[in-house]
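Chemist: Requesting a structural model of the entry that follows:
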Amino acid sequence: MSKIHPWTFIPIVVGLLTAIGLWVVYIIAVEDKVICRLVFPKGKPTCKLLPPFISIAADKPPASCVFGQVVNLAASLVLCIAVLRYSQLKSKVSKPWLNILGLLAQSATSIGMTLVANFQLSNDLRVHNTGSVLFFGFGTLVCWIQVVLTFQTNINHEGLKVGIFRCLLAAAISITIILYIFLAAHNNLLHGARTQWALIMIFLFFIGTFAIEFRHSEFTIHCGDDQNRSTTTAIAEYQSDHM
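Modeler: Got it, this is the predicted structure:
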């Protein structure tokens, strides 16, 4: 049985803690009577509050404070996952440009997350929406790129199973985005908000799937010091092929 390395838990922690943090934001906004509930209690079929979109729930303190902290931390870890994934596949992909594109797309996704976290709707709508476009647009692109890379690299002979699973998740994300845009365009705000929450949860679940391949790899940081050169840092990866 192969050793499970600590790097395995980074994607799981990102997905799980971010999901918990976002639901805490939702609960705070509901308790402060800022937004409607995603599901109405019995006997209350209507609500006169704002629709429960994530950005609306996180628009005002204290919910915005929690949201900013959670999403900023998640963005930094998503970027860390992007670098680790690039390093893991660097020596295995037949098309290096696709791996590089995956790294760049996931980096753009991380930047979008920070914009959404730090620029609330009421503060700067344009920057906030730019962050949303970066997150959803490049995030979806990342999912499909990773589907292709999963099939190509076939790490530890699990590529087919993991690739099919990721393909289903990526398809669900794509369909949910289309549905979200359709509902928003037709001013169906409550169902649009529900779709947005489902979309984010699927995204976080997709991020968590990187743990499947990370458990086969050991990443180490090498630091070299030379009198004639400044200190350099690099990330290297060791692939374990045994079970």
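
Chemist: Run through the residues that contact the residue nearest to residue 62 when sequence neighbours are not counted.
Modeler: In this structure, residue 62 finds its nearest non-sequential neighbour in residue 28, 6.1 Å apart by Cβ to Cβ, 6 or more residues apart in numbering. The C-beta positions use only the backbone N, C-alpha and C, and glycine is treated the same way. Applying Cβ atoms under 8 Å, 6 or more residues apart in numbering, we find residue 28 in contact with 57, 62, 63, 66.

Chemist: Kindly recompute the last result at 7 Å.
Modeler: By Cβ atoms under 7 Å, 6 or more residues apart in numbering, the contact list for residue 28 reads 62, 63, 66.

Chemist: so which of those residues is the most crowded?
Modeler: The most crowded member of these, judged by other Cβ atoms under 10 Å, is residue 63 (24 neighbours).

Chemist: quick one: the strands in this structure?
Modeler: Remark: strands assigned in the chain by DSSP state E are 217-226, 229-239.

Chemist: Which of those has the lowest mean pLDDT?
Modeler: Least confident of those, judged by mean pLDDT, is strand 229-239 with a mean of 48.

Chemist: just to revisit the earlier point, go through the contacts of residue 28 and flag which are in helices.
Modeler: 63, 66 (DSSP state H).

Chemist: now, which of the contacts of residue 28 sits nearest residue 184?
Modeler: residue 63 (21.4 Å; Cβ to Cβ).

Chemist: which ones are touching that closest one?
Modeler: Counted by Cβ under 7 Å, 6+ apart, residue 63 has contacts 25, 28, 29, 57.

Chemist: what about the residue lying closest to residue 135 once chain neighbours are set aside, neighbour count?
Modeler: Sequence neighbours aside, residue 112 is the residue nearest to residue 135 in space, at 3.6 Å (criterion: Cβ to Cβ, 6+ apart). Counted with other Cβ under 10 Å, the neighbours of residue 112 add up to 21.
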